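> I need the structure of the sequence given here:
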Amino acid sequence: MQFAEKGQYSALVVDNEQKICDLICLFLNSTGRFKIIVAANNAVQALQKLQNQSFDLMIVDHNMPGKTGVELIGSLARTPRYRLLNYILISGCLTAEDVMMAMNEGGNHILVKPFSRTQLLSKVAEVLKVEKL
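The predicted structure is shown next:
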């Protein structure tokens, strides 16, 4: 789903490190293109947030306690309601096996930590199929 008007996207940011969540939310907010930016600290919280609202984009960390980012993306990608949700998997330590598993589960957009504001927004624009944020 693509919106031309400013402030039309919604994002769910999932990372167990609060500082990373805050930074990603700040980067997204700085574009002026997001009307809703919600943070969750784990997969359970993310699933609760997804029950209550719809999102255009989910940015999820791979290494979290409980369910990993790849597992979360995989379970959502197999659910009709979330099949069209855009995903970006972030991680500081992905093995080749993790990358293959992520791609098989529908997480074909990956961003390696540490990343800059420019790198994040470039990846977000790519995923949302917009020229620039």
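
> now do the SS call for the residue most central in space within the chain.
Centroid check for the chain by CA atoms, centre = their mean gives Ile59 as the closest residue, at 1.2 Å. At Ile59 the chain is in strand, as set by DSSP: H, G, I helix; E, B strand; the rest coil.

> surely it touches Ile90?
Yes - contact criterion CB atoms under 8 Å: Ile59 and Ile90 qualify, at 6.2 Å. Backbone N, C-alpha and C define where each C-beta goes, glycine included.

> rewinding a little: quick one, what contacts the residue nearest to the centre of the chain?
Going by CB atoms under 8 Å, 6 or more residues apart in numbering, Ile59 touches Ala11, Leu12, Val13, Val14, Asp15, Ile24, Tyr87, Ile88, Ile90, Val124.

> isn't the first one up against Gln53?
No - the pair Ala11 and Gln53 does not pass the contact test of CB under 8 Å, sitting 11.0 Å apart.

> find the residues that touch each one of those two.
Joint contacts of Ala11 and Gln53 (CB under 8 Å, 6+ apart) are Ile36, Val38.

> secondary structure element for Val13?
strand 9-14 (DSSP states H and E).

> contacts for the lowest-mean-pLDDT helix or strand in the chain?
Lowest by mean pLDDT, DSSP states H and E among the helices and strands of the chain is helix 96-104, with a mean of 73. Contacts of helix 96-104 with the rest of the structure, by CB under 8 Å, 6+ apart, involve His62, Gly69, Val70, Ile73, Gly74, Leu89, Ser91, Leu94, Asn108, Ile110.

> just stretch 62-70 next, same as before
Here stretch 62-70 makes contact (CB under 8 Å, 6+ apart) with 14-16, 42-44, 60-61, 75, 89-94, 98, 101-102, 105, 107.
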